[in-house]
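Asker: Below: sequence and its predicted model.
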Amino acid sequence: MTFIPDAFKERYLPLVDDEDAFLASLEVLLPKSFRVNTLKSNADEVKARFAGYGITINQMPWYQEAFVSENPDIGATLEHFTGAIYMQELVSMLPPLLIREQLKDARFVLDACAAPGSKTTQLAALMDNKGVIVANDASYSRTRALKFNLEKTGTINSIITNQDLRNFPHMQFDAILVDAPCSAEGTIRKNDKLFSEWSEKSIFSQSRLQKQLITKAFELLTPGGTMIYSTCTFAPEENEAVVDWLLQSYPDAVIEPIPEMEGLKLSHPVEEWKGATFNAWVRNTRRIWPHHNNTGGFYLAKVRK
């Protein structure tokens with residue numbers, strides 16, 4: 001049984017609609033999930049191949065390239081080896097989908113915290129390998145995995161940069177993803193050791209960094225461009241408070257509504273936290289709780305300049 005710190009419960013149980021379901025979900029491992037890489041295959045072809053293997057997969061109604069399975073052999077298939085599919089958490093697939101329309105005409109796209117490449121390779125597939133993606137990561141060691149995954153998936157419209165985003169050269173991008181480094185509380189279901197290392201101190205440290213990253217990314221955005229800010233944590237300090245900080249710094253920023261997705265429950269954000277009331281625009285952001293969709297936890301904000 002997973003040990004869940006009392007301080008964690010005190011923080012987050014008041015925010016959820018079903019305390020027992022939320023806590024129970026944290027005890028269960030995530031199902032295997034993957035995305036069909038349309039640069040190398042398509043959903044119908046993968047479904048036929050997996051049926052031939054006798055592996056049951058379930059297609060997501062909100063994204064025809066997304067599948068889940070209880071079978072651990074997915075990672076041992078030829079499709080995974082050749083890059084026809086990409087093992088990726090379902091919630092991780094959402095940021096690129098939120099700018100799908102913008103990507104059709106985008107010339108320059110920045111994946112600001114790109115490694116190991118889940119979202120970069122998904123962006124490339126959505127762009128049909130057209131335009132230019134700058135796949136940036138502050139960690140040099142992590143760019144090795146990024147390079148491997150770009151090559152494996154047949155991504156050819158991307159270049160890798162190794163920069164601290166806060167010092168990134170001034171350029172203009174039509175679309176930006178900031179999947180920010182965070183306390184990763186939403187990934188507990190695949191790594192319960194996080195609880196043994198969990199502390200509020202980490203949350204506050206990450207929040208300071210995230211505020212710097214989101215404001216820098218907004219400065220790099222072309223007027224009229226769109227940025228997605230996302231995290232895999234429950235902490236309001238790393239989610240709503242960061243978007244609120246952006247709005248304080250740049251009052252002209254517009255937080256656009258997150259569209260509904262068939263078969264995926266999106267939850268409203270936290271509007272008040274520890275005596276602070278967030279900017280009304282924050283209401284357009286969305287949370288994903290693990291017990292609602294059998295996923296990890298996630299936060300999404302769509303920002304237009």
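Answerer: Structure's in. What do you need?
Asker: contacts, neighbours, all on C-alpha from now
Answerer: Fine.
Asker: how about the strands in the stretch 201-305 of the chain?
Answerer: Along the stretch 201-305 of the chain, counting by DSSP state E, counting those that start in this stretch, strands occupy 221-231, 254-256, 272-273, 276-277, 286-288, 298-304.
Asker: Can you pull out the residues in contact with the first one?
Answerer: Same thing as strand 221-231. Applying CA atoms under 8 Å, 6 or more residues apart in numbering, the contact partners of strand 221-231 are 95, 98-99, 102, 172-182, 184, 214, 217-218, 238-239, 298-305.
Asker: so where is the chain shaky, pLDDT-wise?
Answerer: Scanning the chain for pLDDT under 70 picks out 1-2.
Asker: show me the contacts for the residue of the chain positioned farthest from its centre.
Answerer: The outermost residue of the chain relative to its centre, with distances by CA atoms, centre = their mean, is G52 at 31.6 Å. If you count contacts by CA under 8 Å, 6+ apart, G52 has none.
Asker: if I've got this straight, it is in a strand?
Answerer: No - the assignment for G52 is helix, going by DSSP: H, G, I helix; E, B strand; the rest coil, so no strand is present there.
Asker: Please tell me how far it sits from E260.
Answerer: Remark: distance between G52 and E260 (CA to CA, to the nearest Å) = 34 Å.
Asker: for F67, same thing?
Answerer: With distances taken as CA to CA, F67 is found 19 Å from E260.
Asker: F8: what secondary structure?
Answerer: The three-state assignment at F8 reads helix, by three-state DSSP.
Asker: can you map out the strands along the stretch 51-200 of the chain?
Answerer: Using DSSP E, counting those that start in this stretch, strands in the stretch 51-200 of the chain cover 58-60, 63-69, 85-87, 108-111, 132-136, 158-161, 173-179.
Asker: Adding distance to N37 and mean neighbour count, write those out as JSON lines.
Answerer: As requested, the strands of the stretch 51-200 of the chain are exported to JSON lines (distance: least, CA to CA, whole Å; neighbours: other CA atoms under 10 Å):
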{"stretch": "strand 58-60", "distance to N37": "14", "mean neighbour count": "15"}
{"stretch": "strand 63-69", "distance to N37": "8", "mean neighbour count": "19"}
{"stretch": "strand 85-87", "distance to N37": "5", "mean neighbour count": "23"}
{"stretch": "strand 108-111", "distance to N37": "18", "mean neighbour count": "24"}
{"stretch": "strand 132-136", "distance to N37": "17", "mean neighbour count": "23"}
{"stretch": "strand 158-161", "distance to N37": "16", "mean neighbour count": "18"}
{"stretch": "strand 173-179", "distance to N37": "19", "mean neighbour count": "25"}
